[in-house]
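**Student:** Take this sequence and fold it.
(2 chains)
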Amino acid sequence: MTTIAATGLNVATPRVVVRPAALVSGPVRLNYPWKFGSMKRMVVVKATSEGGISDKVEKSIQEAKETCADDPVSGECVAAWDEVEELSAAASHARDKKKAGGSDPLEEYCSDNPETDECRTYDN
Amino acid sequence: MAVSTIYSTQALNSTHFLTSSSSSKQVFLYRRQPQTNRRFNTLITCAQETIVIGLAADSGCGKSTFMRRLTSVFGGAAKPPKGGNPDSNTLISDTTTVICLDDYHSLDRYGRKEQKVTALDPRANDFDLMYEQVKALKSGVAVEKPIYNHVTGLLDPPELIQPPKILVIEGLHPMFDERVRDLLDFSIYLDISNEVKFAWKIQRDMAERGHSLESIKASIEARKPDFDAFIDPQKQYADAVIEVLPTTLIPDDNEGKVLRVRLIMKEGVKYFSPVYLFDEGSTISWIPCGRKLTCSYPGIKFNYEPDSYFDHEVSVLEMDGQFDRLDELIYVESHLSNLSTKFYGEVTQQMLKHADFPGSNNGTGLFQTIVGLKIRDLYEQLIANKATARAEAKA
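**Tutor:** Model prediction:
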């Protein structure tokens, strides 16, 4: 089981209980009932790295190959390859997003708030 | 069980809260007040009319090039909702909201594995919810739409979607359910041929560790039966089909870089007038490269003809080859008619605005841009029509 540290999260307190249902590099669900007064509201803190998705893709391909070795036309085989396709698409989107840049925080801020003083551009 | 607070190393704005506007309510619905002189037979006059566009496309949604071009034609950049789930598939701009139909999966990735169905199977999708929410948005009511997280494969808590001026539903099954189909004002189907699909998937996935040519091929083959059974038949309902085929200009080309793209436009659709070349309804074959325009290999070839597609009358505009220079683009644009542009060169301008998008130098980009302009035209005509109907009803 991957430790919290591997997913890039800072652990605020030394004692951490990771619920067995949590995924390897998936979301950690936090409950702030005092903020919203409703147990149904959950804040999901994610630190999904690109490495996470690539690993998933690789794993799913392995699984698909194994499942299909038994029976190439079964529902399981088809569902397994569909999962591979979905994960590959997600991985390529993540790659594009990374390439498109989350590199410059000022760019990001200005694209969201062009009217602020830091972001005004004058054309004349 | 002790649960400690864990702070991620990412910026604080990556943590998200649901619907910060309504702190105590869980479901946030509001109805716009109908106008005061509401007689029995008039329309409910909302402050804003919403038109619904359906786009059927495989592999991913919301972030695709087509969507970006479409939203750019209407103005404004489409972005994921601010302060929401970072893995949300929704894109919102000033005029447009793009909803990914994957959000209406009834089974998440693990559920599908258990039930042995693919995402293409209608059993994995909740069409009732899709119909209700699209209907609600169309009539001006905000909805709490579930989120399908493509990274984890789980269904996340819902996000609030406000009714926009233009709602685009993109995914695998926009035209599958008849009730949803009736709500669509315009529908588009992106039909990629198998060879091109294979070439594109190779380009996309070969960089991915774990993938090989065989695994990519196996993945396409395994999905094909479900795709042909559930997704492909939607073609016949679409008002516009963009078919992407391998080029005929380069013999034995299997790179998929030069493409032959056909824009199949249904005749007789309200507010939609098909693009034509030189003479509407005739058959034209046109190679623009010659004395006035010099093109480099492999050149450009256009075809225009009336045809029949699944028993419908259609007009087909076809482009084979690619644009190398700006003046090729503007030359071609000046010879096409019924483009619904607001000024000369608008298509070229839109293409140049997104010159870094894939397909910007061939028919895919050109026809996607043209379809975007047609949708804008449809929207404006619909609004104008509703406005006159309202004025007449009042009088």
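
**Student:** Pull out the buried positions in whichever helix in chain A runs longest.
**Tutor:** Assignment by DSSP state H gives helix A:75-100 as the longest helix of chain A. For helix A:75-100, a neighbour-count test (16 or more other Cβ atoms under 10 Å in any protein chain shown) marks A:75-95 as buried. Where C-beta positions appear, they are placed from N, C-alpha and C, glycine not excepted.

**Student:** Out of those residues, just show me the ones up against chain B, please.
**Tutor:** Applying Cβ under 8 Å from any Cβ of the partner chain to the buried residues of helix A:75-100, one finds that A:75-86, A:88-95 fall near chain B.

**Student:** quick check: mean pLDDT across the longest helix of chain A?
**Tutor:** Helix A:75-100 comes out with an average pLDDT of 84.

**Student:** Also stretch B:218-229?
**Tutor:** 90.

**Student:** just how off-centre is that stretch within its chain?
**Tutor:** Its chain's C-alpha centre and that of stretch B:218-229 lie 22 Å apart, by Cα atoms, centre = their mean, to the nearest Å.

**Student:** Going by neighbour count, which residues of that stretch are buried?
**Tutor:** Within stretch B:218-229, the residues scored as buried using 16+ other Cβ under 10 Å are B:218-220, B:222-223, B:226-227.

**Student:** Tell me the one of those residues nearest chain A?
**Tutor:** For the buried residues of stretch B:218-229, the residue nearest chain A by Cβ to the nearest Cβ is residue B:222; the value is 3.6 Å.

**Student:** mind listing the helices for chain A?
**Tutor:** Using DSSP H, helices in chain A cover A:33-36, A:50-70, A:75-100, A:105-112.

**Student:** right, and those helices - which one's nearest residue B:369?
**Tutor:** Using Cβ to Cβ as the measure, helix A:75-100 is the one of the helices of chain A that comes nearest residue B:369, at 20.2 Å.

**Student:** sorry, back to before: quick one: which of the helices of chain A is nearest residue B:364?
**Tutor:** Each of the helices of chain A has some distance to residue B:364 by Cβ to Cβ; the shortest is helix A:75-100, at 16.8 Å.

**Student:** returning to that earlier point: same list as before, the buried residues of stretch B:218-229 that is, but in JSON lines and with secondary structure included.
**Tutor:** Below are those laid out as JSON lines (DSSP: H, G, I helix; E, B strand; the rest coil):
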{"residue": "B:218", "secondary structure": "helix"}
{"residue": "B:219", "secondary structure": "helix"}
{"residue": "B:220", "secondary structure": "helix"}
{"residue": "B:222", "secondary structure": "helix"}
{"residue": "B:223", "secondary structure": "helix"}
{"residue": "B:226", "secondary structure": "helix"}
{"residue": "B:227", "secondary structure": "helix"}
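
**Student:** Just give the nearest non-adjacent residue to the residue nearest the centre of chain B, would you?
**Tutor:** Against the mean C-alpha coordinate of chain B, by Cα atoms, centre = their mean, the closest residue is residue B:55 at 3.9 Å. Distances taken as Cβ to Cβ, 6 or more residues apart in numbering or on different chains place residue B:170 nearest to residue B:55, at 4.4 Å, with adjacent residues excluded.

**Student:** Just list whatever residues bridge to that neighbour.
**Tutor:** residue B:55, residue B:100 (DSSP bridges).

**Student:** residues contacting the closest residue to chain A within the stretch 51-200 of chain B?
**Tutor:** In the stretch 51-200 of chain B, no residue comes nearer to chain A than residue B:116, which is 3.0 Å away by Cβ to the nearest Cβ. By Cβ atoms under 8 Å, 6 or more residues apart in numbering or on different chains, residue B:116 lies in contact with A:74-76, A:78-79.

**Student:** any idea of the mean pLDDT for the longest helix along chain B?
**Tutor:** For chain B, the longest helix by residue count, based on DSSP H, is helix B:363-394. When pLDDT is averaged along helix B:363-394, the result is 91.

**Student:** Could you do stretch B:331-342 as well?
**Tutor:** Here stretch B:331-342 scores 95 as its mean pLDDT.

**Student:** now do the same end-to-end measure for it.
**Tutor:** Stretch B:331-342 has an end-to-end distance of 17 Å (criterion: Cα to Cα, to the nearest Å).

**Student:** Centre of the chain to it, how far?
**Tutor:** Relative to the chain's own centre, stretch B:331-342 is displaced by 22 Å; criterion: Cα atoms, centre = their mean.

**Student:** What residues sit buried inside it?
**Tutor:** By neighbour count on 16+ other Cβ under 10 Å, the buried set for stretch B:331-342 is B:331-333, B:336, B:338-341.

**Student:** ok, which pair from those residues is furthest apart?
**Tutor:** The most widely separated members of the buried residues of stretch B:331-342 are B:331 and B:340, with 19.2 Å between them, by Cβ to Cβ.

**Student:** re the thing from before, pLDDT score assigned to the residue nearest to the centre of chain B?
**Tutor:** 93.
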